[in-house]
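*Asks:* Dropping a prediction and its sequence here:
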Amino acid sequence: MSHKLAPSVITSKVLANLRSHPNLPNHCWYLVAAITLAVLNQPHGIRDVYKYEVEQCGNGESLVVLRRMREALIKASAVGGVPKTINALLSLKEVTPAGLLEEPGTPSLTERQRDIYETPPAEILGRGQAFFDKIYVRISRRIMGQLDKSGTQDLGLTARLVYGYLLSNTRVLSATETSFVLIAGLIPQDVNPQLKGHLRGALNNGATVEEVRAIRAIAVTICETFGMERLAEGAVGGWGWRDEVANV
């Protein structure tokens, strides 16, 4: 089954249903929608999400929505890959008013340039470890140990860099919202072991069970809209999930 459908599949009716889903945390539906679409490699749909949210909340919120969507897409690169984030951000740029573009050299709310160029690495890596520990709590050391002993210690080092410089930066998105981003990025990929960790991690970061289930539900809905389905047992191919998508 091909998953390359026309962008028009993300209709106003679909967006309205996503936005009004019960138990969703405030101002999170469009983050989850954008991330799910990015990982599905449907970047045109992200423009529809942005335009619809601005229509609903007013042009005065455009910059806030853009900043949050951009940061979500940057953070999603940790689980969905940089190439898809590139596609997503360039697509979003096409519908961004010129005055709302963040140009090189201009101040950024994330202050990542300061993290990289002015802050001691030990401080950033320590922040990342604390963020990792908050997600995994009692099994944090075991999880990091598995990464270090994966056959190359560079996997653990990569995780430390990602958590330090990317995910633990909460200047635009909170720790809870970051967990939602990671959940949305993992659901389309059929990676239940990692998804289960971040579903629990969202609870550890302060989300309620109802909120996490709502985030999961709208991500799954978008995946199904683009043709993903539960694959038959023993299927050697297809566009979907081999197991039921993990839940809390």
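*Replies:* Looks like it came in fine. Numbers count the residues shown, from 1 in each chain.
*Asks:* mind checking the longest helix of the chain?
*Replies:* The longest helix of the chain (DSSP state H) is helix 62-80.
*Asks:* The following helix or strand past it: which residues count as buried?
*Replies:* Helices and strands here follow DSSP states H and E; after helix 62-80, the next one along the chain is helix 82-93. By neighbour count on 16 or more other Cβ atoms under 10 Å, the buried set for helix 82-93 is 84-85, 87-89, 91-92. All C-beta spots, glycine's among them, are computed from the backbone N, C-alpha and C.
*Asks:* Next up, the contacts around the residue nearest the centre of the chain.
*Replies:* For the chain, the residue nearest the mean C-alpha position is Val181 (2.7 Å; Cα atoms, centre = their mean). Taking Cβ atoms under 8 Å, 6 or more residues apart in numbering as the criterion, Val181 is in contact with 31-32, 35, 72, 75-76, 173.
*Asks:* give me that answer again for 6 Å
*Replies:* Neighbouring residues of Val181 by Cβ atoms under 6 Å, 6 or more residues apart in numbering: 35, 72, 75-76.
*Asks:* Could you identify the buried members of those residues?
*Replies:* With burial judged by 16+ other Cβ under 10 Å, the buried subset of the contacts of Val181 is 35, 72, 75-76.
*Asks:* Among the residues you listed, which pair sits farthest apart?
*Replies:* The largest separation in these, counting by Cβ to Cβ, is between Ile35 and Lys75 at 8.5 Å.
*Asks:* Distance of Gly240 relative to Val212?
*Replies:* Noted for Gly240: a distance of 22 Å to Val212, by Cβ to Cβ, to the nearest Å.
*Asks:* Compare the two (neighbour count), which wins?
*Replies:* More crowded of Gly240 and Val212, by other Cβ atoms under 10 Å: Val212, with 24 against 19.
*Asks:* that's a helix at that one, yeah?
*Replies:* Yes: read with DSSP: H, G, I helix; E, B strand; the rest coil, Val212 is one of the residues of a helix.
*Asks:* I'd say it and Asn204 touch.
*Replies:* No: with contact defined as Cβ atoms under 6 Å, Val212 does not count as touching Asn204 (10.8 Å).
*Asks:* So for whatever helix or strand Gly197 lives in, what gets flagged as buried?
*Replies:* Element membership for Gly197 (DSSP H and E) is helix 192-204. By neighbour count on 16+ other Cβ under 10 Å, the buried set for helix 192-204 is 192, 195, 197-204.
*Asks:* Let me have those residues in JSON lines, extended by distance to Val9 and pLDDT.
*Replies:* JSON lines is the format used below for the buried residues of helix 192-204 (distance: Cβ to Cβ, whole Å; pLDDT from 0 to 100):
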{"residue": "Asn192", "distance to Val9": "26", "pLDDT": "97"}
{"residue": "Leu195", "distance to Val9": "24", "pLDDT": "98"}
{"residue": "Gly197", "distance to Val9": "31", "pLDDT": "97"}
{"residue": "His198", "distance to Val9": "27", "pLDDT": "98"}
{"residue": "Leu199", "distance to Val9": "27", "pLDDT": "98"}
{"residue": "Arg200", "distance to Val9": "32", "pLDDT": "97"}
{"residue": "Gly201", "distance to Val9": "31", "pLDDT": "98"}
{"residue": "Ala202", "distance to Val9": "28", "pLDDT": "98"}
{"residue": "Leu203", "distance to Val9": "32", "pLDDT": "98"}
{"residue": "Asn204", "distance to Val9": "35", "pLDDT": "97"}
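*Asks:* Which members of the residues you listed define the maximum pairwise distance?
*Replies:* Greatest spatial distance in those: Asn192 and Asn204, 18.3 Å, computed using Cβ to Cβ.
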